[in-house]
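Participant: Quick one, fold the following:
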Amino acid sequence: MLNKVSQINLAKILAEKFNEGDWQELFAVTDCEDVPEGLYKFYQHVHWDNPELKGMAIFAIESTLARDADNLSKIWALDNVQRYINNANTELFNEIKDIVNQNGQRNVSAAPVKNVNENIYQALEDAEVLLQKNGPHRAYDRVHTALHASLRQMCANHGIATNSTNNNVPGLLSLITAHLKALPDDGRNEDVFKMLKSSAAILHGINNLRNNYSMAHPTENLLNEADARFAINLVRSIMTYIDELL
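Facilitator: Below is the predicted model:
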């Protein structure tokens, strides 16, 4: 995530270079079309390049990035944005490039970095492509696949025995949390750990969504974008938290 100063610098560059159509595209691809609606005469200020535009652009970019960390990648992919940033501020260009590319790692943002294998990387790469091109409702199944594979890899890496009855996502999480509980206390917050254990119920729901409302099986009732994005963020949070603990 960009820090406050970098967000301001990005907003200033876009305020100088973007026309009304550019801003409209930015808010559309990030699902933030309500942001300019909350800013008094935003598009008029853009059209006339009024002094008020800089402050409004800063607020708009901060709001857009705060809503979803993936929005930085969506802004980065817009026409001419990389050129505008590189010409104006090379340090900012490199900073954003590193964030978007995850410092060269072959994974999407908020993904495991220790307990991984080629199948997990591939599922996450597929999910990222689908997320950018078709939306979260199309990417959800691949994110779920990455979660299942990463939990299995965690068990394999740490000698956690599995069998046919507990090899599903909720069962694997239960095994992993029991393994973590048996480890020496490393200062983790017990209340947060309780939240992890209770997330088994969340994963039951995630399994149901995957089986009945994703591209995993033929269905006309795909998740809408808001629901799919929420489910993806839950999956990523659980997956990366466990990866950090192990």
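Participant: element containing the nearest residue to Glu25 once chain neighbours are set aside?
Facilitator: Nearest residue to Glu25 in three dimensions, chain neighbours excluded: Leu78, at 6.3 Å (Cβ to Cβ, 6 or more residues apart in numbering). (Glycine included, C-beta is placed from N, CA and C.) Using DSSP states H and E, Leu78 maps to neither a helix nor a strand.
Participant: 529 is where my numbering starts, stick with that
Facilitator: Taking 529 as the first residue, the last one we looked at is Leu606.
Participant: wait, what's in contact with Leu606?
Facilitator: Each residue near Leu606 by Cβ atoms under 8 Å, 6 or more residues apart in numbering is listed here: 550, 553-554, 557.
Participant: Below-threshold pLDDT in this structure: ranges please.
Facilitator: For the chain, the stretches with pLDDT under 70 are 630-641, 714, 743-748.
Participant: Can you pull the domain assignment for it?
Facilitator: 532-632, 646-773 (automatic domain parsing).
Participant: if we can go back for a sec, PyMOL command to pick out the buried ones of the contacts of Leu606?
Facilitator: Selecting only the buried entries of the contacts of Leu606 in PyMOL, with 16 or more other Cβ atoms under 10 Å as the criterion:
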select buried, resi 550+554
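Participant: Tell me the one of the contacts of Leu606 nearest Gly687?
Facilitator: Ranked by distance to Gly687 (Cβ to Cβ), these are led by Val557 at 44.6 Å.
Participant: ok, that closest one - contacts?
Facilitator: 602-603, 605-606.
Participant: Just the buried residues of these.
Facilitator: 602-603, 606.
Participant: how many neighbours does Leu542 have?
Facilitator: Leu542: 22 surrounding residues under other Cβ atoms under 10 Å.
Participant: my read: it touches Tyr612, true?
Facilitator: Yes - with contacts counted by Cβ atoms under 8 Å, Leu542 reaches Tyr612, the gap being 7.4 Å.
Participant: where does Asn691 fall, helix, sheet strand or coil?
Facilitator: coil (DSSP: H, G, I helix; E, B strand; the rest coil).
Participant: At the geometric centre of the protein, which residue do we find?
Facilitator: Per Cα atoms, centre = their mean, the C-alpha nearest to the average position across the chain is that of Asp598, at 5.0 Å.
Participant: Pull up the gap between that residue and Lys582, please.
Facilitator: Here the criterion is Cβ to Cβ, to the nearest Å. By it, Asp598 lies 25 Å from Lys582.
Participant: What about Glu580? Give its phi and psi, please.
Facilitator: In terms of degrees, to the nearest 10, the main-chain angles of Glu580 are phi -70, psi -20.
Participant: which residues does the residue nearest to it when sequence neighbours are not counted contact?
Facilitator: Closest residue to Glu580 apart from its sequence neighbours, by Cβ to Cβ, 6+ apart: His573 at 5.1 Å. Applying Cβ under 8 Å, 6+ apart to His573 gives the contacts 580-581, 584.
Participant: related to what we said a few turns ago, so of the contacts of Leu606, which ones are in strands?
Facilitator: Among the contacts of Leu606, no member is found in strands (DSSP state E).
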